[in-house]
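*Asks:* Provide a 3D model corresponding to the input given below.
(2 chains)
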Amino acid sequence: MTLTGYSRADGRKGIRNLVAVAYLVECAHHVARQIVNPTPEHAHLIGFPGCFPNAYAQKIMERLCTHPNVGAVLLVSLGCESFDRYQLERITAQSGRPVRTLVIQNDGGTRATIDAGRAWVAEQAAILQGAEQVPLALSDLTIGTVCGGSDGTSGITGNPAAGLAFDRLVAEGATCIFEETGELIGCEGIMASRAATPELAIELRASVEKAARYYATLGYGSFAAGNADGGLTTIEEKSLGAYMKSGQSQISGLIKPGDIPPRGGLYLMDVVPDGEVRFGFPNISDNAEIVEMMASGAHMTLFVTGRGSVVGSALAPVIKIAANPHMYDRLSEDMDINAGRILTGAASLTQIGDEIFDAVIATASGQPTKSEALGHTEFILTYKSFEPLGPACLPL
Amino acid sequence: MTVQTDPRLLLLSPDDNVFVLRGAIDAGEVIMVAGAEVHISRRLGLGHKIAARFIASGEKIIKYGAPIGSTFCDIAPGAHVHLHNLASDYTPTHSLTESHASHDAAMKGSAT
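*Replies:* Predicted coordinates:
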């Protein structure tokens, strides 16, 4: 199959061609949602709820408004929030995308802003639908992976199968991202041994040690009550299962949310903030992690779940991999892949890995995933603070 | 020489001291664990762990060939390994087990 995508001025290519509608403070959320509501297949809602400025949130929003799956951007501001809408509009315009800002306080309030926004989205969606496509190679793709609602099956079926798919994708030159250093606690030693350079090994280990300190201060690990019901006892156990998603490839680099990997390979995303503990838990739920990988360019996300998460995402499709065969039976309409067949003996790990690889290609070709077809467009972005990457983190 | 073990039990790595359940085991079942009969007193769900041998208090539990925490009491061969005998060496585990149990008790009480 020859894949095609949407060409962007920065050289990247999109697998979707969406209008992003972004609220810049919670006070503009309702208006932005009403703008998107009539055309959910063409326009997706993203946004930042806070009224205090935050460099991380600014960077993530800039990356998302210039994400390869985004063809046009509508910013919805209340008018008095601290978010720098001028910079966001400028950066989006410089990326070659049509962009418009509506300011509710200047544009006639709720109803008038909704009407203006809907008209602009309809106009842009019509243009985007007729856009020309260009050939797309697997090496043009960036794929993220998360696990959510993990149980004792995740680490023995879905996660290692996703790891096999990652190995094939990395071999094809794709960029693959795994993350949640707080869910790699206990794996720092084995992970560091896969680093491309000794200096990167030190950075990988340090990122997990930082996560362990951060979560220890908060008093909770990255471990939900449902994880224990599903047979997982400790964060180390959950970590080792989660770590399987990374496959066997060499680790090329360490990135932070919004950093775009310079070339193909496998990257660890350090999602735990730098400095003293501020703003609460690093990622308050799974979609925060998906959003961060999108900000680093992920076209789609492989999501392994044992308990049965049903989420999708705005902007970038989510491929749902069921690790638990019983959960699959209950939630099959939500699941793209049944990796639970490994436990029942109906499929091998390699077969499921190949199914995931094939699903990546089908999704890149435009076929909607289950969560996408069901209209899932979850999105969450909160406060964080990061220092820039160290010099040893990226490949030369 | 193979030591007989119930086919529902999975040893993920040769160094492991726990088996992972690839299917649920019901209360009252008698299963083979490393050649010995073990009576299962409580239903154990898919993905849970049982001890592959006697494990002393303070030992590490090994799964995937790597430590996943330390035990805080002795564990008999075939016994369920979970929050009641295993703790993280990093951060404590949060569960709703106690709240769930007291909720069920309270709801039962209010219904009568």
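*Asks:* if I pick the closest residue to chain B within chain A, what's in contact with it?
*Replies:* Proximity of chain A to chain B (C-beta to the nearest C-beta) peaks at residue A:152, 2.1 Å away. C-beta here means a position set from N, CA and C on the backbone, and glycine is covered the same way. Taking C-beta atoms under 8 Å, 6 or more residues apart in numbering or on different chains, we find residue A:152 in contact with A:230, A:231, A:232, A:306, B:20, B:21, B:45, B:46, B:47, B:48, B:49.
*Asks:* adding pLDDT, write these out as CSV.
*Replies:* Output for those, formatted as CSV (pLDDT from 0 to 100):
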residue, pLDDT
A:230, 86
A:231, 90
A:232, 92
A:306, 94
B:20, 95
B:21, 95
B:45, 93
B:46, 92
B:47, 92
B:48, 95
B:49, 97
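*Asks:* from the residues you listed, pick the one nearest residue A:383.
*Replies:* Distance to residue A:383 across those (C-beta to C-beta) is lowest for residue A:232, with 28.8 Å.
*Asks:* quick one: the helices in the stretch 1-150 of chain A?
*Replies:* Along the stretch 1-150 of chain A, counting by DSSP state H, counting those that start in this stretch, helices occupy A:29-36, A:55-65, A:85-94, A:109-129.
*Asks:* just send the ones you listed back as a markdown table, with mean pLDDT and distance to residue B:91 too.
*Replies:* Shown next, in a markdown table, are those (pLDDT from 0 to 100; distance: least, C-beta to C-beta, whole Å):
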| stretch | mean pLDDT | distance to residue B:91 |
| --- | --- | --- |
| helix A:29-36 | 98 | 34 |
| helix A:55-65 | 98 | 24 |
| helix A:85-94 | 98 | 37 |
| helix A:109-129 | 98 | 44 |
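*Asks:* tell me the contacts of residue 59?
*Replies:* Assuming you mean chain A. Applying C-beta under 8 Å, 6+ apart, one finds that residue A:59 lies in contact with A:257, A:258, A:295.
*Asks:* my question was about chain B
*Replies:* By C-beta under 8 Å, 6+ apart, the residues touching residue B:59 are B:17, B:70, B:71.
*Asks:* how about the secondary structure of the second one?
*Replies:* It refers to residue B:70. strand (DSSP: H, G, I helix; E, B strand; the rest coil).
*Asks:* what's the neighbour count on it?
*Replies:* By the criterion of other C-beta atoms under 10 Å in any protein chain shown, residue B:70 has 16 neighbours.
*Asks:* thought it was touching residue B:81?
*Replies:* No - Residue B:70 lies out of contact with residue B:81 (C-beta atoms under 8 Å); the separation is 11.6 Å.
*Asks:* list the residues that contact both of the two?
*Replies:* Common neighbours of residue B:70 and residue B:81, using C-beta under 8 Å, 6+ apart, are residue B:61.
*Asks:* so what does the helix or strand harbouring residue A:357 touch, helix or strand wise?
*Replies:* Per DSSP states H and E, residue A:357 falls inside helix A:349-364. Counting contacts by 3 or more C-beta pairs under 8 Å, 6 or more residues apart in numbering or on different chains; DSSP states H and E, helix A:349-364 packs against strand A:3-7, helix A:158-171, strand A:300-305, strand A:318-322, strand A:337-338, helix A:341-344.
*Asks:* for that helix, which positions count as buried?
*Replies:* A:352, A:353, A:354, A:355, A:356, A:357, A:359, A:360, A:362, A:363, A:364 (16 or more other C-beta atoms under 10 Å in any protein chain shown).
*Asks:* hang on, the earlier thing: mind checking the SS state of the residue of chain A closest to chain B?
*Replies:* Once three-state DSSP is applied, residue A:152 turns out coil.
*Asks:* please name the nearest non-neighbouring residue to it.
*Replies:* Once flanking residues are discounted, residue A:152 sits nearest to residue B:47: 2.1 Å by C-beta to C-beta, 6 or more residues apart in numbering or on different chains.
*Asks:* mind listing what the one you found touches?
*Replies:* Neighbour list for residue B:47: A:151, A:152, A:153, A:156, A:230, A:231, A:232, A:306, A:324, B:20, B:21 [criterion: C-beta under 8 Å, 6+ apart].
*Asks:* turn these into a markdown table, including distance to residue B:3.
*Replies:* A markdown table is the format used below for the contacts of residue B:47 (distance: C-beta to C-beta, whole Å):
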| residue | distance to residue B:3 |
| --- | --- |
| A:151 | 28 |
| A:152 | 23 |
| A:153 | 25 |
| A:156 | 21 |
| A:230 | 28 |
| A:231 | 24 |
| A:232 | 27 |
| A:306 | 29 |
| A:324 | 28 |
| B:20 | 17 |
| B:21 | 18 |
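*Asks:* for the buried ones among these, write the corresponding PyMOL selection.
*Replies:* The PyMOL command for the buried members of these (criterion: 16+ other C-beta under 10 Å) is given here:
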select buried, (chain A and resi 151+152+153+156+230+231+232+306+324) or (chain B and resi 20+21)
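*Asks:* ok, so of the contacts of residue B:47, who is nearest residue A:84?
*Replies:* residue A:306 (40.7 Å).
*Asks:* chain neighbours aside, what residue packs nearest to that closest one?
*Replies:* Using C-beta to C-beta, 6+ apart and skipping residues adjacent in sequence, the residue nearest residue A:306 is residue A:151, 3.3 Å away.
*Asks:* in a markdown table, list the buried residues of helix A:349-364 along with distance to residue A:79 and pLDDT.
*Replies:* Shown next, in a markdown table, are those (distance: C-beta to C-beta, whole Å; pLDDT from 0 to 100):
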| residue | distance to residue A:79 | pLDDT |
| --- | --- | --- |
| A:352 | 51 | 97 |
| A:353 | 50 | 97 |
| A:354 | 52 | 98 |
| A:355 | 49 | 98 |
| A:356 | 45 | 98 |
| A:357 | 47 | 98 |
| A:359 | 43 | 98 |
| A:360 | 42 | 98 |
| A:362 | 43 | 98 |
| A:363 | 38 | 98 |
| A:364 | 39 | 98 |
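*Asks:* greatest separation within the residues you listed: which pair is it?
*Replies:* A:352 and A:364 (18.9 Å).
*Asks:* tell me which residues touch residue A:309, please.
*Replies:* Contacts for residue A:309 (C-beta under 8 Å, 6+ apart) come out as A:148, A:149, A:286, A:303, A:320.
*Asks:* state the pLDDT value of the residue nearest to the third one when sequence neighbours are not counted.
*Replies:* Taking C-beta to C-beta, 6+ apart, and ignoring the residues beside it in sequence, residue A:286 has residue A:148 as its nearest neighbour in space, at 3.7 Å. What the model reports for residue A:148 is a pLDDT of 89.
*Asks:* residues contacting residue A:148?
*Replies:* By C-beta under 8 Å, 6+ apart, residue A:148 lies in contact with A:286, A:303, A:304, A:305, A:309, A:311.
*Asks:* which of the residues you listed count as buried?
*Replies:* Looking at the contacts of residue A:148 with 16+ other C-beta under 10 Å, the buried ones turn out to be A:286, A:303, A:304, A:305, A:309, A:311.
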